[in-house]
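A.B. asks: Below are the sequence and a predicted model; questions follow.
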Amino acid sequence: MFAVVTIAGQQFRVQANDELFVHRLSGNAGDSVEFSDVLMTSDNGNITVGKAVNSIVVKAEIIDHSKGDKVLIFKKKRRKGYQKLNGHRQSLTKIKIQSIA
């Protein structure tokens with residue numbers, strides 16, 4: 001069984017025992033979180049979409065908070081002597097899907 005769920009503004013296809021990185025969630029490591037914004041479920045080929053998925057909840061556990069890889073942003077205007085280098089590291093949360101019920 002899998003589900004398509006919205007977590008922190010992004011859509012993910014999740015199954016039980018999946019581990020994934022999402023944008024930073026509030027809570028500490030070991031806390032349990034629930035996601036009720038389920039868009040679709042599939043159970044052995046039986047696809048459920050629409051109002052029927054309103055009662056389905058995806059339960060997950062926060063494993064760790066971390067930062068992603070650094071992304072470098074380099075700006076330059078030729079022949080003007082202008083160069084600018086910026087970096088950014090996204091704050092992420094690693095979660096493990098416990099169940100889809």
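C.D. replies: Yep, that arrived. Numbering: from 1, shown residues only.

A.B. asks: Surely Ala52 is within a helix?
C.D. replies: Yes - under DSSP: H, G, I helix; E, B strand; the rest coil, Ala52 falls within a helix.

A.B. asks: pLDDT at it, what is it?
C.D. replies: On the pLDDT scale, Ala52 is placed at 79.

A.B. asks: That one: neighbour count?
C.D. replies: Residues near Ala52, counting by other Cβ atoms under 10 Å, number 11. All C-beta spots, glycine's among them, are computed from the backbone N, C-alpha and C.

A.B. asks: One more: Ile62?
C.D. replies: Ile62 has 19 neighbours, counted by other Cβ under 10 Å.

A.B. asks: again with Lys80
C.D. replies: 7.

A.B. asks: pretty sure it is in a helix, no?
C.D. replies: No - read with three-state DSSP, Lys80 is coil and lies in no helix.

A.B. asks: and the residue sitting furthest away from the middle of the chain, what pLDDT?
C.D. replies: Distance to the chain centre peaks in the chain at Arg79, reaching 42.3 Å (criterion: Cα atoms, centre = their mean). Arg79 is assigned 98 on the pLDDT scale.

A.B. asks: Enumerate every residue touching it.
C.D. replies: With contact set as Cβ atoms under 8 Å, 6 or more residues apart in numbering, Arg79 has no partners.

A.B. asks: Please name the bridge partners of Met40.
C.D. replies: Val4, Val49 (DSSP bridges).

A.B. asks: That one touches Ala52, doesn't it?
C.D. replies: No - using Cβ atoms under 8 Å, Met40 is not in contact with Ala52; the gap is 9.9 Å.

A.B. asks: Before we move on, what's the pLDDT of the residue positioned nearest the centre of the chain?
C.D. replies: Nearest residue to the geometric centre of the chain (Cα atoms, centre = their mean): Val22, 2.9 Å. Per-residue confidence for Val22 comes out at a pLDDT of 97.

A.B. asks: What are the phi and psi values at it?
C.D. replies: Backbone geometry at Val22, expressed as degrees, to the nearest 10, gives phi -130, psi 170.
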